[in-house]
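Undergrad: okay, here's the prediction I keep looking at, along with the sequence it came from:
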Amino acid sequence: MNKELMEALDILEKEKEISKDTLFDAIENSLLTACKNHFGKTDNIKVEIDRDNFDFKLYAEREVVETAEDITDECTQITLDAAKDVSKKAKVGDVINVPIHSKEFGRIATQNAKNVILQKIREEERSSVYNQYHEKEKDVVTGIVQRYVGKNISINLGKADATLPETEQVKGEVFKPTERIKVYVVEVKNTTKGARITVSRSHHDLVKRLFESEVTEIKDGTVEIKSIAREAGSRSKIAVYSNDENVDAVGACVGMNGARVNAIVEELKGEKIDIVNWDENPGNFIQNALSPAKIVTVFADPDEKTAKVVVPDYQLSLAIGKEGQNARLAARLTGYKIDIKSETQAKDTPGFRFEDYMDEDYEDYDEFDEAVEGEEQAEETQE
């Protein structure tokens, strides 16, 4: 048993994650390469490796001829006298296996054989790393910040380095070397220099994957994430739906005392997250999406994917949000183009008919307006 070879293959298999079968193939090819450099051809060269005992045999198939004068190719033929030294039963015309001793190879042949093995190991190592991270594409991984390369950031993921481009960074986020961060794997490409991995901190699916890892109900399918709208570094809105009437989708995502959502907010460096209930009714969904603003009424057109929303006068700025952010995120979340008006603006709009927006239980606007004011006063009293 070749103990040195066995130990070397065990180490390579463990550290580089390269199978022994692949390494055995590399050894066979390297021995054939050495033979070609030494003899000039390998057509009649055979390699046998015992993959249990790690022993290998190298031999050449040669035809037995009577005398040296009968030899036309020294690589493929052997005299009868020389053949008798290998096998006493050898006869003219037989083909015998003549052992080849690798120690007889010259320095160049040996170096070339070594290079073949090293090249195969490098190729398999690159392939192994690529396969490992290709499986993690569109998923979240934890990496360690190494350094800034221009405006890009190099992130060490363990067995490979990834690049966090400037376009995938969150404005205002600054990282220190050795800091551990979670990143979303956008793309993994296999190149001649190894796996090229691009990661992101601004991708909206980063929020989705963080919720999937943090919220058990999402992981087991009880709660679904229906849609996400994100302005990285500032605010995100996420619409969730429960497949179990006994499970509150928003509550499950928030967690006890906000523990679950706070863990995600901390990972996102303080980015605000609004969690709302998804509803198959577009009007209800849009109303939920515009939270925390209170809505008077919503008229949604599913065919045109547009919606007109009326809010109390004092809620207009909250519904629109700073620089229009709340309305913008709600539009992305729902997929509807949303037109928000205050009650005063709605009444002053030419051609506007409030009865188109009112609940059928009310006969005119004044009756509806009084009901809304009554509900608001009730809520204030409860608070």
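TA: All right, it came through fine. Numbers count the residues shown, from 1 in each chain.

Undergrad: now for residue 287: which residues touch it?
TA: By Cβ atoms under 8 Å, 6 or more residues apart in numbering, residue 287 lies in contact with 295, 298, 309. Where you see a C-beta, it was placed from the backbone N, CA and C, and this is true even at glycine.

Undergrad: next, give phi and psi for the second one.
TA: To tie it back to what came earlier, the one meant is residue 298. In terms of degrees, to the nearest 10, the main-chain angles of residue 298 are phi -130, psi 130.

Undergrad: so what's the residue count around it?
TA: By the criterion of other Cβ atoms under 10 Å, residue 298 has 22 neighbours.

Undergrad: which residues does it contact?
TA: The contact partners of residue 298, by Cβ under 8 Å, 6+ apart, come to 283, 284, 286, 287, 307, 308, 309, 310, 357.

Undergrad: which strand or helix spans the most centrally placed residue in the chain?
TA: Central residue of the chain (Cα atoms, centre = their mean): residue 137, 1.9 Å from the mean position. Residue 137 is part of no helix or strand, with elements assigned from DSSP states H and E.

Undergrad: give me the distance between it and residue 219.
TA: Counting by Cβ to Cβ, to the nearest Å, the gap from residue 137 to residue 219 is 19 Å.

Undergrad: list only buried entries from the contacts of residue 298.
TA: Taking 16 or more other Cβ atoms under 10 Å as the criterion, what is buried in those is 283, 286, 287, 307, 308, 309, 310, 357.

Undergrad: quick one: least confident helix or strand in this protein?
TA: Within the chain, no helix or strand scores below helix 365-382, which has a mean of 50 by mean pLDDT, DSSP states H and E.

Undergrad: okay, now residue 6: neighbour count?
TA: Around residue 6 there are 14 residues (other Cβ under 10 Å).

Undergrad: for it, report the pLDDT, please.
TA: With respect to pLDDT, residue 6 scores 72.

Undergrad: does it sit in a helix, a strand or a coil?
TA: With DSSP: H, G, I helix; E, B strand; the rest coil as the basis, residue 6 sits in helix.

Undergrad: any idea how far it is from residue 157?
TA: Per Cβ to Cβ, residue 6 is found 32 Å from residue 157.

Undergrad: again, but for residue 317
TA: Per Cβ to Cβ, residue 317 is found 44 Å from residue 157.

Undergrad: between those two, who's got more neighbours?
TA: Neighbour totals were compared for residue 317 and residue 157, and residue 157 leads with 20 against 13 (other Cβ under 10 Å).

Undergrad: across the sheet, point out what pairs with the residue nearest to the more buried one when sequence neighbours are not counted.
TA: Nearest-residue entry for residue 157: residue 143, 4.7 Å, with adjacent residues in sequence omitted and distances by Cβ to Cβ, 6 or more residues apart in numbering. Counting by DSSP bridges, residue 143 is bridged to residue 181.

Undergrad: ok, residue 143 - contacts?
TA: 155, 156, 157, 158, 162, 180, 181, 182, 183, 199.

Undergrad: does the second one touch residue 146 like I think?
TA: Which is residue 156. Yes - counting by Cβ atoms under 8 Å, residue 156 does reach residue 146; the two are 5.2 Å apart.

Undergrad: which ones are touching the closest residue to residue 306 other than its chain neighbours?
TA: Nearest residue to residue 306, sequence neighbours excluded (Cβ to Cβ, 6+ apart): residue 337, at 4.8 Å. Neighbouring residues of residue 337 by Cβ under 8 Å, 6+ apart: 305, 306, 307, 331.

Undergrad: okay, now residue 161: neighbour count?
TA: Other residues near residue 161 number 16, with proximity taken as other Cβ under 10 Å.
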